[in-house]
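J.: Just the structure for this:
(one chain, ligands or ions: 1)
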Amino acid sequence: MSQVVYITLEEPIPNRIDGIPKTQSDWIHPNLIESVDPVKGRQLRASEHIPKGTCVLIDHPYAIIPVVDDPATNDDLICSNSACNRRSLSQSGRLSCSNSCIADVSWCSSTCRDADKARHDFECTWLKRYADPIRKKWGEYDFGMLWVIVRLLASRQTKPRPQNENVLPTSQPLKHGWAGIESLCGSVDTWPHEQVRSWTTLVKKYLQNGPVLPHGLSADQVLHLICQEEANSFGLYPRETGIYPPPQPLVGRGEQFAAAVYPTAAMANHSCVPNMTHKPDEDGRMIFTASRDILPGQECCISYFDLTKHTDLTSRREHLRKSFKFTCQCDRCVSEEPAEETNDWTPMPMMDI
Ligand SMILES: C[S@@+](CC[C@H](N)C(=O)[O-])C[C@H]1O[C@@H](n2cnc3c(N)ncnc32)[C@H](O)[C@@H]1O
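T.: Numbers count the residues shown, from 1 in each chain. Predicted structure coming up:
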């Protein structure tokens, strides 16, 4: 029985994307629009009916890193070529950096390694010099965060900027590429002072503009980018996040294998009764799928956490406050609030959706 559920969840996403070529890198449903909520900020909303089962969004990562234990022996690395991102590179079948920067960097083929040369050259010296000391002194989480920032900067330096960077190839006025990254929420004012102080130190020590990292931005601009990245990055898991009600028997989303920043997917707010599920496809693109019929005017939300793990109001809100630094104001939480509960929400950013 559980095997049947598992197979259903593992069905490759592209099979369900009717009419959208698999090669297309980004796509937005024509009925999906951006608007602004006074409490939550930017949001995705349906302008017209979006039927259950419809693909709502496909977004290519602007930066992505593998997140695995013991990368030298782990078979779950992703290809470093940002146009590939193929997962599950076995030790025997993958190519490592000829400069031996870090074991986390590998490619699935020489074609991918060659195609990724300019982008990897940007990060290689930095990784070789700083990865070990950062991991030892600051730990894996801060290393991963700094590496995502370096990869954002690498993409900014090396990705060709399309003429229509500000809009996806639909009629939607949604920002895309680096313009999308610049418009992400999060700033020094939305994070606790202590946190910002710690990131300021990291920027001074490891992310200054210079020969090792020639990005051309000021320290304040890089600090701002960290505040945005921490509020908007996604964890990548093998199975869907946000199935509601949770499947019986309970099936979680599996182990995280990567972290990434998606310029458009980051606009989705959280709900504890989401109407979209999200899951990366085999190329690291984030796919949103309508899990119910979405009516005109309704907000389109994902769940930032595995709904099988936190079920009652207190547990859900505590988890979101602790891990994502905001108090959930979704319809379900608001409707379940006891009458006397004060409305003390603070719009704070989060990490690892
Ligand atoms: C990934 S961003 C989502 C897009 C964001 N609203 C914007 O303006 O770009 C996450 C931030 O949105 C806000 N947010 C998302 N879901 C929320 C919710 N259920 N309740 C309150 N705030 C929420 C929080 O400030 C959170 O840090």
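J.: Was I right to think Gly235 contacts Val261?
T.: No: applying C-beta atoms under 8 Å, one finds Gly235 not in contact with Val261, separated by 11.5 Å. Any C-beta I mention is one placed from the backbone N, CA and C, and that applies to glycine too.
J.: Give me the more crowded residue out of the two.
T.: Neighbour count, other C-beta atoms under 10 Å: between Gly235 and Val261, Val261 has more, with 26 against 20.
J.: any idea how far the ligand is from the more buried one?
T.: Val261 sits 10 Å away from the ligand, going by C-beta to the nearest ligand atom, to the nearest Å.
J.: Specify the beta-bridge partners of that residue.
T.: Taking DSSP bridges as the rule, Val261 bridges to Ala63.
J.: measure it to Glu230 for me?
T.: For Val261, the distance to Glu230 equals 10 Å [C-beta to C-beta, to the nearest Å].
J.: before we move on, what about Gln329?
T.: Per C-beta to C-beta, Gln329 is found 20 Å from Glu230.
J.: more neighbours, these two?
T.: Glu230 (22 against 18).
J.: wait, isn't the more buried one in contact with Gly186?
T.: Yes: look at Glu230 against Gly186 with C-beta under 8 Å: they come within range, at 6.5 Å.
J.: okay, now His319: neighbour count?
T.: Using other C-beta under 10 Å, the number of residues around His319 comes to 16.
J.: Repeat that for Thr111.
T.: Every residue meeting other C-beta under 10 Å relative to Thr111 is counted, giving 11.
J.: Which residues in stretch 35-55 does the neighbour count mark as buried?
T.: Buried positions in stretch 35-55, judged by neighbour count with 16 or more other C-beta atoms under 10 Å: Lys40, Arg42, Gln43, Leu44, Arg45, Ala46, Ile50, Thr54, Cys55.
J.: same deal with stretch 92-108?
T.: Residues Arg94, Leu95, Ser96, Cys97, Cys101, Ile102, Ala103, Asp104, Val105, Ser106, Trp107, Cys108 are the ones in stretch 92-108 that count as buried (16+ other C-beta under 10 Å).
J.: Measure how far it is from the centre of its chain, please.
T.: 23 Å (C-alpha atoms, centre = their mean, to the nearest Å).
J.: for that stretch, how far is the first residue from the last?
T.: 10 Å (C-alpha to C-alpha, to the nearest Å).
J.: from the buried residues of stretch 92-108, which single one is nearest the ligand?
T.: Distance to the ligand, by C-beta to the nearest ligand atom, is smallest for Asp104 among these, at 25.1 Å.
J.: Assign that closest one to helix, strand or coil.
T.: Classification of Asp104 by DSSP: H, G, I helix; E, B strand; the rest coil places it in coil.
J.: got the phi/psi numbers for it?
T.: The phi/psi pair for Asp104 (degrees, to the nearest 10) reads phi -70, psi -20.
J.: The closest residue to Glu48 other than its chain neighbours: how many residues sit nearby?
T.: Distances taken as C-beta to C-beta, 6 or more residues apart in numbering place Asn31 nearest to Glu48, at 4.3 Å, with adjacent residues excluded. Neighbours of Asn31 under the rule other C-beta under 10 Å: 19.
J.: Tell me how far Asn31 lies from the ligand.
T.: To the ligand, Asn31 is 19 Å away according to C-beta to the nearest ligand atom.
J.: just checking, that residue touches Ile50?
T.: Yes: between Asn31 and Ile50 there is a contact under C-beta under 8 Å: 5.2 Å.
J.: for the ligand, what are the nearby residues on the stretch 51-200 of the chain?
T.: Cys185 (C-beta under 6 Å from any ligand atom).
J.: Against His278, how distant is the residue in the chain that the ligand sits nearest to?
T.: Residue of the chain nearest the ligand, by C-beta to the nearest ligand atom: Gly41 (2.7 Å). Computed with C-beta to C-beta, the distance linking Gly41 and His278 is 19 Å.
J.: now swap in Ile181 and tell me
T.: Applying C-beta to C-beta to Ile181 and His278 gives a distance of 19 Å.
J.: Settle it for me: which of the two has more neighbours?
T.: Using other C-beta under 10 Å, the more surrounded residue of Ile181 and His278 is His278, with 27 against 22.
J.: Helix, strand or coil: sort out that one for me.
T.: Relying on three-state DSSP, one would call His278 strand.
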